[in-house]
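Colleague: Provided below for reference: sequence and predicted model.
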Amino acid sequence: MQCPSCQSSDTLKCEAAYEQGKSTATVRANDGTTGTVTTVSSFAQRAAPPSPWLKETGGTAAAVGVAYLVIDGISAMRGSTALAVLGWITVAFGLLFVWRLVALPKYFRKHSEWERQWICRRCNKVFGP
Ligand SMILES: [Zn+2]
């Protein structure tokens, strides 16, 4: 694959560039505990996949929303309004459905675009096929 910007053929898939630039090191703290630290080179950062931010926040928001609605529903049930509970459950599933419908496909689309992208080793340009 040739770089459209500098015509170099020293290019590679973003996915490969990201994997190569990522390194994991084991570090030991003063108290003897060990942990792993993942570092990503600046070149690999340019080739990084789309942020799962959308996926994560969407999922967390939906989970918190559902939890809230369930708790709210239970307290409504104590007030013996079974219909209100059903209403809240419907809203909860509605929110989940909207999230799946909107946020997830957006993330997956971005991710599959990234899977087809290349990066130039000479000028760092990220380009499509
Ligand atoms: Zn280039």
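Modeller: That came through, no problem. Numbering: from 1, shown residues only.
Colleague: can you list contacts of stretch 27-41?
Modeller: 18, 21, 22, 23, 24, 25, 26, 48 (CB atoms under 8 Å, 6 or more residues apart in numbering). Where you see a C-beta, it was placed from the backbone N, CA and C, and this is true even at glycine.
Colleague: Could you count how many residues lie near the first one?
Modeller: The local packing of residue 18 (other CB atoms under 10 Å) involves 21 other residues.
Colleague: is the helix or strand encompassing it up against the ion anywhere?
Modeller: Mapping residue 18 onto the secondary structure by DSSP states H and E places it in helix 14-21. No - contact check for helix 14-21 against the ion, using CB under 5 Å from the ion: none in range, with a minimum separation of 12.7 Å.
Colleague: pLDDT of that helix, averaged?
Modeller: Summarised as a single mean, pLDDT over helix 14-21 is 92.
Colleague: now the biggest helix by length in the chain, how far from the chain's geometric center?
Modeller: Of all the elements of type helix in the chain, the one with the most residues (DSSP state H) is helix 82-115. The offset between the C-alpha centroid of helix 82-115 and the centroid of the whole chain comes to 15 Å, using CA atoms, centre = their mean, to the nearest Å.
Colleague: Let me know the pLDDT of residue 80.
Modeller: Confidence per residue is given as pLDDT, and for residue 80 that number is 58.
Colleague: circling back to that earlier point, same for the helix holding residue 18, what does it pack against?
Modeller: On a contact count with 3 or more CB pairs under 8 Å, 6 or more residues apart in numbering; DSSP states H and E, helix 14-21 meets helix 42-46, helix 82-115, strand 118-120.
Colleague: For the ion, which of these is the nearest?
Modeller: The ion lies closest, by CB to the ion, to one member of the helices and strands packed on helix 14-21: strand 118-120, at 3.1 Å.
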